[in-house]
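Asker: Next come a sequence and a model predicted from it.
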Amino acid sequence: MAERHIALDLPCGVFYDLSNLVLDLNGTLTVDGRMIEGVPDRLKQLTQILNVHILTADTNQTLDRIAPELTGHMDITLHALESGRGDIQKLAYIERLGREKTVAIGNGCNDALMLREAAFGICVIGPEGASTKAIQASRVVFLNILDALDIFLKPHRMIATMRK
């Protein structure tokens, strides 16, 4: 199998060689426990260029119901967090993957460490909102998860956003 990665050489003098996409589930990919329309299609495309991982504390107890939609026809790793400090568990997860090769997307307080320490952190302010800690820990903020995912499918958008 070919190595999955995306290389982004930005005009601001920063180079990213990303292999992993780590996403929060609740509030980022779902609203009230339901998958946001268009997310599975984007994830399917992204699995061709990045190793996709979804982390969840399963706040809405919906993981079993939506797991087949996320893994049925896609190479996606789902990881349920243990009870306790989800922020530390998410940070440990990206450290195991290699934070320098990981982009993280989330919206909650428990995502802030992961967003700050990943090579590239993205906050999504969706219908469920976003914590100020997650916003401050991110390099880029989007109002829609589809736009956040598209930045990797259409890399010229990242160049425009990150240009100094």
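Answerer: Looks like it came in fine.

Asker: Quick check: buried residues in stretch 34-43?
Answerer: Neighbour-count burial for stretch 34-43 flags 35-36, 39-40, 42-43 (criterion: 16 or more other C-beta atoms under 10 Å). Backbone N, C-alpha and C define where each C-beta goes, glycine included.

Asker: Quick check: which ranges of this protein have low pLDDT?
Answerer: 1-2, 73 (pLDDT under 70).

Asker: Helices of that one, start to end?
Answerer: All helices of the chain, identified by DSSP state H, fall at 39-46, 63-71, 86-97, 112-117, 132-137, 145-153, 156-162.

Asker: excluding its backbone neighbours, what's nearest Glu3?
Answerer: Ser19 (7.3 Å; C-beta to C-beta, 6 or more residues apart in numbering).

Asker: Do I have it right that the one you found meets Val103?
Answerer: No - using C-beta atoms under 8 Å, Ser19 is not in contact with Val103; the gap is 9.3 Å.

Asker: Looking at the two, which has the bigger crowd around it?
Answerer: More neighbours surround Val103 than the other of Ser19 and Val103, with 26 against 18 (other C-beta atoms under 10 Å).

Asker: ok, what's across the strand from the residue lying closest to Gly106 once chain neighbours are set aside?
Answerer: Once flanking residues are discounted, Gly106 sits nearest to Asp24: 3.6 Å by C-beta to C-beta, 6+ apart. For Asp24, the beta-bridge partners are Leu55 (DSSP bridges).
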